[in-house]
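[1] Fold the following.
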Amino acid sequence: MYGPSSVRFRTPDGVCRARDRETNYPFSERIEFRVEAPKPVRFALTLRIPGWAAGSQTYLNQRELDARLEPGSFARIEQEFHPGDTLRLTLPMRLKMTAGPITVSPSSVVHWCTP
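    Below is the predicted model of the structure:
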């Protein structure tokens with residue numbers, strides 16, 4: 001699940017790291033992870049890409065990464081991160097209109113972004 005949080009962990013070199021998730025998801029398609037570390041460190045970050053999120057993108061410090069982001073899978077971002085790096089995941093939310101029975105009152109209009 002993507003929601004605002006902070007995680008502290010140790011890498012094999014024993015240095016403590018922190019990742020802060022800054023997001024308004026699911027009301028925004030943008031999720032940011034800020035790396036806080038005393039020195040550069042290499043580690044992997046695994047991101048869940050929902051099945052409805054075709055066209056997802058990842059950026060490191062405003063530069064798009066060449067990452068395989070398949071809907072309905074997990075993307076592994078492994079590289080050296082530097083203090084203050086920001087990794088952004090964008091999960092496109094497209095308006096979806098469908099015809100069919102509506103379980104709310106007939107006078108209601110239902111609006112949702114995927115999923």
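[2] what's the nearest residue to residue 84 if we skip its chain neighbours?
    Leaving aside its sequence neighbours, residue 84 sits nearest to residue 35 (Cβ to Cβ, 6 or more residues apart in numbering; 6.9 Å). Using the backbone N, CA and C atoms, a C-beta is placed for each residue, glycine as well.
[3] For stretch 25-39, buried residues please.
    In terms of neighbour count (16 or more other Cβ atoms under 10 Å), stretch 25-39 has its buried residues at 25, 29, 31, 33, 34, 35, 37.
[4] pLDDT score assigned to the third one?
    By that I understand residue 31. Looking at residue 31, its pLDDT reads 90.
[5] Indicate each strand paired with the host helix or strand of it and its parallel or antiparallel sense.
    Per DSSP states H and E: residue 31 is located in strand 30-36. According to DSSP bridges, strand 30-36 forms sheet pairs with strand 16-23 (antiparallel), strand 86-90 (antiparallel).
[6] Off-centre distance for the following helix or strand past that strand?
    Downstream of strand 30-36, the first helix or strand assigned by DSSP H and E is strand 41-49. Taking Cα atoms, centre = their mean, to the nearest Å, one finds the center of strand 41-49 at 11 Å from the center of the full chain.
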